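[1] build me a model from this:
(chains A and B)
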There are 2 protein chains.
Amino acid sequence: MQVAVLAHESFPDRAKTAVGLLRYGDHEVRAVIDRARAGGRVADVLPDVQDAPIVASMADVPAVDALVVGISPIGGGFDESWRPDVRAALERGCDVVAGLHDFLEDDPEFVRLAEEHDAELQDLRKPPDDLTVAEGTAGEVDATVVTTVGTDCSTGKMTASFEIRDAARERGLDAAVVPTGQTGVAITGWGIAVDRVIADYAAGAVERLVETPEEQDLLVVEGQGALAHPAYSGVTTSILHGSAPDALVLCHNAGQEVIHGYESFAIPPLDEYVDVYERLAAPVSEATVDAGMLNTSALDADDAAAAVETYREALGVPATDPVRDGVPDEVLDAIL
Amino acid sequence: MQVAVLAHESFPDRAKTAVGLLRYGDHEVRAVIDRARAGGRVADVLPDVQDAPIVASMADVPAVDALVVGISPIGGGFDESWRPDVRAALERGCDVVAGLHDFLEDDPEFVRLAEEHDAELQDLRKPPDDLTVAEGTAGEVDATVVTTVGTDCSTGKMTASFEIRDAARERGLDAAVVPTGQTGVAITGWGIAVDRVIADYAAGAVERLVETPEEQDLLVVEGQGALAHPAYSGVTTSILHGSAPDALVLCHNAGQEVIHGYESFAIPPLDEYVDVYERLAAPVSEATVDAGMLNTSALDADDAAAAVETYREALGVPATDPVRDGVPDEVLDAIL
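    Numbering: from 1, shown residues only, chains lettered A, B, ... in the order given. The predicted structure is shown next:
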């Protein structure tokens, strides 16, 4: 599929979905729409992902099948400054895909244009309406199931999931990411934003996702939130039990000591944190934390290497910064 | 408020809400509607709750302010055999209150009748539409906060919560139950069915509830699900962290060894279970399991006493069967 990605005034640093699509997606990105960087190219700012021109509006985009909204602003609302581009895409008959809290389907103009031009509106954050409670069957899937978990939100769980998938594919395995958040869903084109599911069905949604892919050797379930997070720990627990993993990978930001946005709550010591994850997993599956992923983007190369080494020692398992150093054999071996 | 309680063919054993209203509610129940027991009295089958006549239909009910649906069938659907009574109540101008998955508000006939007769439809399971993520502030409330938790669903958490409240009131304390399920909400007339809230907001809903009552000495938060439950552990975690309790009370059914309906999943050993609850609570609040509640309804008096003693020893804290023996001073002292 050929797509354009909308990322006005946000590319690349505040356009996580756009960057994820460029780095990990199977779609061909034919243009990034960002009026603040129009005229440049993706390669100018992100040398290690697929390249594409950056344009000012939908009018400058070549033929594509879909426009993907590649920004998730705080609160998840639709920004009215994006309306002309969404309108233009629909008028060209392109589908429009978004992972916002505000659903495209609830916008009368978009609904009308989509009907007129035979285009589809896809709200990735909208859960299926036939979800139900978990049956406790996720542990029966044939694939090895690895779930990424974190010490906080935004510790690189999605990135770690895709990097593990890519390392496994390089080894010749059939591997897939099981996406549980709107960015992962946007990148892969399937999945459920588990945080939007009603609480009773959250584990059931994850179970359904894990049971969906066929004939895979490895499923990497994208975790959400963190077990010590005052607001999101319920979602984390639902994914931990709903995915019934064989192994866990703990993701952490180097040097972070308190929960982001909840600074009166300390991140527990790593050995304690690992123990709580494993003890909580145990009644449902025998998963242990078999590898660690550290985000060292704030450090220079020497400090990063030292931080990974310290992290490895704290966890007692192989560790890496998957963005800086990839997923080495010893890490992949540990979780397979 | 004066109410009638609908419990067709279900009173008392399959009408948890009806029994809860009779036992713990502040409303005067003027009639129970159950066509299978019409002509009898509540006292014939439940000697220890408020008494009321059992009648066949709304036509036999004296003046009341509201009709409360006192049954929650599996699946939570509305049974069409209840329609004539709901219709009759609305035609008399009575409000109708229900905690079903099927909302009264979505039924065109009920909406029309409610409008015509100036009556109100109250769907207790419908969450408020302005919920948001937890801020991590529940720990700042002045009241002592005690959260009931369980080894499984249906281990008596709601009953334990009300019995603790009543024991505290007998001691002269201002005490309230914080209801998190539709039965507790129906009994008290406030609260949120947390299992129906989207997963991201579940802890936030609990936080809002805990911060609602004013000038209470003791808040007893009704727990839901269980931490080792393959389907509902996410809700349990959201309540554990969202309520930021000072103490936990562990509820268990005497002799139960596996999760009900999920028989391949064992209930963890009690000391391990206590430890996981406490270790998971720790990053948010310093709650420990300070008392145990055991449901011994399947045992005779001697076996029940022995089971409570064994439970007390396993937990290492005071324990009781609150239905059989009430909440003795040593239990109340332990959690205050």
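
[2] what ranges do the helices span in chain A?
    Under the criterion DSSP state H, chain A contains helices at A:16-24, A:42-45, A:83-91, A:108-116, A:157-170, A:182-188, A:202-210, A:233-242, A:270-281, A:301-315, A:322-325, A:329-335.

[3] then the first one to CSV, C-alphas only?
    Backbone C-alpha positions of helix A:16-24 (Å, rounded to 0.1, in the frame of the first residue of the first chain) are rendered in CSV as follows:
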residue,chain,number,x,y,z
LYS,A,16,5.7,9.0,16.8
THR,A,17,3.3,7.3,14.4
ALA,A,18,4.9,8.9,11.3
VAL,A,19,8.4,7.9,12.4
GLY,A,20,7.2,4.4,13.2
LEU,A,21,5.6,4.0,9.8
LEU,A,22,8.8,5.1,8.1
ARG,A,23,11.0,2.8,10.2
TYR,A,24,8.9,-0.3,10.7
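
[4] state the pLDDT value of A:V42.
    A:V42 is assigned 97 on the pLDDT scale.

[5] that one and A:V96, how far apart?
    From A:V42 over to A:V96 the distance is 21 Å, taken as C-beta to C-beta, to the nearest Å. Where you see a C-beta, it was placed from the backbone N, CA and C, and this is true even at glycine.

[6] that older thread, out of the helices of chain A, nearest to chain B?
    helix A:233-242 (3.3 Å; C-beta to the nearest C-beta).

[7] figure out how far the closest one is from the centre of its chain.
    Relative to its chain's centre, helix A:233-242 lies at 16 Å (C-alpha atoms, centre = their mean, to the nearest Å).

[8] can you check stretch A:289-297 too?
    Stretch A:289-297 has its C-alpha centroid displaced from the chain centroid by 16 Å (C-alpha atoms, centre = their mean).

[9] close enough to count as contact, A:R87 and A:E109?
    Yes. At 7.2 Å, A:R87 counts as touching A:E109 under the criterion of C-beta atoms under 8 Å.

[10] ok, the two, which is more surrounded?
    A:R87 (15 against 11; other C-beta atoms under 10 Å in any protein chain shown).

[11] the more buried one: what's it in contact with?
    Counting by C-beta atoms under 8 Å, 6 or more residues apart in numbering or on different chains, A:R87 makes contact with A:109-110, A:113.

[12] let's see it at 10 Å
    Counting by C-beta atoms under 10 Å, 6 or more residues apart in numbering or on different chains, A:R87 makes contact with A:58, A:96, A:109-110, A:113.

[13] now do A:V327
    For A:V327, the contacting residues are A:160, A:163-168, A:170-171, A:249, A:291, A:293, A:318, A:320-321, A:335, by C-beta under 10 Å, 6+ apart.

[14] tell me the two of those residues that are most distant?
    Maximum pairwise distance in the contacts of A:V327, criterion C-beta to C-beta, is 19.7 Å, between A:R171 and A:D321.

[15] okay, these two: which has more neighbours?
    For A:R171 versus A:D321, the count of surrounding residues by other C-beta under 10 Å is larger for A:D321: 25 against 15.

[16] list the contacts of the closest residue to that one other than its chain neighbours.
    Nearest residue to A:D321 in three dimensions, chain neighbours excluded: A:T296, at 4.6 Å (C-beta to C-beta, 6 or more residues apart in numbering or on different chains). Listed by C-beta under 10 Å, 6+ apart, the contact set of A:T296 reads A:156, A:253-255, A:303-308, A:311, A:320-321, A:323-325.

[17] at 6 Å instead, please
    Residues near A:T296 by C-beta atoms under 6 Å, 6 or more residues apart in numbering or on different chains: A:254, A:304, A:307, A:321, A:324.

[18] what's the answer for A:V249, then?
    A:148, A:291, A:293.

[19] how about JSON lines for those residues, with pLDDT and distance to chain B added?
    Listed next are the contacts of A:V249 as JSON lines, based on pLDDT from 0 to 100; distance: C-beta to the nearest C-beta, whole Å:
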{"residue": "A:T148", "pLDDT": "98", "distance to chain B": "17"}
{"residue": "A:A291", "pLDDT": "98", "distance to chain B": "22"}
{"residue": "A:M293", "pLDDT": "98", "distance to chain B": "21"}
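
[20] tell me the buried residues within these.
    Applying 16 or more other C-beta atoms under 10 Å in any protein chain shown to the contacts of A:V249, the neighbour count classes A:148, A:291, A:293 as buried.

[21] sort out for me which of these are in strands.
    Among the buried ones among the contacts of A:V249, DSSP state E puts A:148, A:291, A:293 in strands.

[22] which residues does the last one bridge with?
    For A:M293, the residues forming beta bridges with it (DSSP bridges) are A:C251, A:T320.

[23] in this structure it contacts A:V323, no?
    No. The pair A:M293 / A:V323 is not scored as a contact, 9.1 Å apart, by C-beta atoms under 6 Å.

[24] distance from the centroid: which residue in chain A tops it?
    Relative to the centre of chain A, the most outlying C-alpha is that of A:E116, 32.9 Å out, by C-alpha atoms, centre = their mean.

[25] distance check, that one against A:E109.
    Distance from A:E116 to A:E109, counting by C-beta to C-beta: 11 Å.

[26] again, but for A:G292
    From A:G292 across to A:E109, the span is 48 Å (C-beta to C-beta).

[27] ok so, going back, for ChimeraX, what selects the buried ones among the contacts of A:R87?
    Selection of buried members from the contacts of A:R87 for ChimeraX, criterion 16+ other C-beta under 10 Å:
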select /A:58,96,110,113
